[in-house]
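Participant: Here is the input, now give the coordinates:
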Amino acid sequence: MHGAIAIDVSHLSKSYDGHPAVADISFQVYVGEIYGLLGPNGAGKSTTLRTLITLLAPSAGRATIFGLDCVRDADRVRRVIGYVPQERAIDRFLTGREHLELLAALYHLPKDEAQRRIAELLKLVELEAHADRPAKTYSGGMKRKLDIACGLLPDPKVLFLDEPTLGLDVQSRLRIWDYIRLLKARGLTVVMTTNYLDEADQLCDRLAIIDAGVIKVIGSPVELKIGLGGDIVSLTLKETERISSLESALRGQPAIKAVRATSKGLDIRVESPEKALPTILEVANRLGCTVEFVQYNRPRLDDVFMAHTGRRIGEAADPHVVD
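Facilitator: A predicted model of the protein is given here:
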């Protein structure tokens, strides 16, 4: 059961010098959910985010946060949101605590309230022990925790995270995921952009796959994977030069829904492996392909992205699209 709507985006478009960054996108975010914008670099995720946090005015359409218009009520919108950019300008010589104090002054927080919030946030992101060290001595993961504390300082109802774990090592990424889950548990609404499939899969209650400025599909990770139908049979072939002829021969065969070439073989989406496997092996045999390895798995978010955009998330989109 969905609750109240926190964010309502309706037919939003934004162009730069005639090039569309986002084109006629609409979506809603419910109070208390983690909502993801998943797409490659240049898909339009950052443009969407910057419009919602009132840094950009849309070319067309509108967006509201808790009923406040992001253009008309920009000042009031800013009072209910927090933002963690991809690259925060961390002053290397200030300590973690001084960063938060500086920000509190910019937000005009009363002194005692600021001290209370800062102590609470340093504890939340586990930087208490490091609060009085210069930020230049922090690891990447610690800097990201400081970024999140900065985003939470104004006590927002909605927190926007732009690529929250970009460039972090595995351990730090998992810690940041834990904080994001913790924020949701505290009742915060979180909107995040990511081009990491596993991140979207693990964290998001729902997500919009966005590509070349257009939303291709919206749903929970589970719904999107089930929606593809079928399972994936992955073949590894000995003769990689025969991949494309096997791909052509398998297209349109009964029980086979989709075929795509990989570097070592094929990923084949099938209605049921029991029905499709004999056909696959028979065709491979006829074409003289040696199948070295067969792997079978449920659809992944990667397969969902591929099905809706026609390519993998790491492959370049239209070079003319700006993010």
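Participant: where does the residue sitting nearest the centre point of the chain sit relative to Ser15, distance-wise?
Facilitator: When C-alpha atoms, centre = their mean is applied to the chain, the residue found nearest the centroid is Thr194 (2.7 Å). From Thr194 across to Ser15, the span is 24 Å (C-beta to C-beta, to the nearest Å). Placement of C-beta: from N, CA and C, glycine included.
Participant: just Leu228 next, same as before
Facilitator: Remark: distance between Leu228 and Ser15 (C-beta to C-beta) = 32 Å.
Participant: which of these two has more neighbours?
Facilitator: Each of Leu228 and Ser15 has its neighbours counted (other C-beta atoms under 10 Å); Leu228 has more, 19 against 16.
Participant: Hmm, Leu121 is touching Leu100, no?
Facilitator: Yes. Contact criterion C-beta atoms under 8 Å: Leu121 and Leu100 qualify, at 6.7 Å.
Participant: beta partners of the residue nearest to the centre of the chain?
Facilitator: Thr194 has these beta-bridge partners by DSSP bridges: Leu38.
Participant: and Ile243, that's in a helix?
Facilitator: Yes. Judged by DSSP: H, G, I helix; E, B strand; the rest coil, Ile243 forms part of a helix.
Participant: Enumerate every residue touching it.
Facilitator: Residues near Ile243 by C-beta atoms under 8 Å, 6 or more residues apart in numbering: 237, 261-262, 265-266.
Participant: Leu146: which element?
Facilitator: According to DSSP states H and E, Leu146 maps onto helix 140-152.
Participant: Can you name the next helix or strand after that helix?
Facilitator: Downstream of helix 140-152, the first helix or strand assigned by DSSP H and E is strand 158-162.
Participant: That next one: partners in the sheet, and parallel or antiparallel?
Facilitator: By DSSP bridges, strand 158-162 pairs with strand 81-84 (parallel), strand 189-194 (parallel).
Participant: in the stretch 201-323 of the chain, which ranges drop under the pLDDT threshold?
Facilitator: Scanning the stretch 201-323 of the chain for pLDDT under 70 picks out the ranges 315-323.
Participant: my bad, should have said the stretch 1-150 of the chain
Facilitator: Using pLDDT under 70, the stretch 1-150 of the chain drops low at 1-2, 88-90.
Participant: can you give me the helices in it?
Facilitator: 45-52, 74-80, 96-106, 111-124, 140-152 (DSSP state H, counting those that start in this stretch).
Participant: So which residues of the chain form strands?
Facilitator: Along the chain, counting by DSSP state E, strands occupy 5-16, 19-30, 34-38, 60-65, 68-69, 81-84, 158-162, 189-194, 206-211, 214-219, 231-237, 256-261, 265-270, 291-297.
Participant: Give me the helices and strands touching the biggest helix by length in the chain, please.
Facilitator: Assignment by DSSP state H gives helix 170-185 as the longest helix of the chain. Under the contact definition 3 or more C-beta pairs under 8 Å, 6 or more residues apart in numbering; DSSP states H and E, helix 170-185 sits against strand 34-38, helix 140-152, strand 189-194, helix 197-203.
Participant: quick revisit: closest one to Val270 among the helices of the stretch 1-150 of the chain?
Facilitator: helix 45-52 (32.1 Å; C-beta to C-beta).
Participant: tell me the angle of the closest one relative to strand 5-16?
Facilitator: Between the axis of helix 45-52 and that of strand 5-16 there is an angle of 120 degrees, by axes from the mean of the first three to the mean of the last three C-alpha atoms, to 10 degrees.
Participant: ok, residues contacting helix 45-52?
Facilitator: 7, 9, 12, 14, 21-22, 25, 37-39, 56-58, 63, 65, 70, 81, 86, 160, 162, 191, 193, 195, 210, 213, 322-323.
Participant: Generate a ChimeraX selection restricted to the buried subset of the residues you listed.
Facilitator: Buried members of those, defined by 16 or more other C-beta atoms under 10 Å, are picked up in ChimeraX with:
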select :7,9,12,14,21,22,25,37,38,39,56,58,63,65,70,81,160,162,191,193,195,210,213,322,323
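Participant: Quick one, which of the strands paired with strand 158-162 gets closest to Arg92.
Facilitator: strand 81-84 (18.5 Å).
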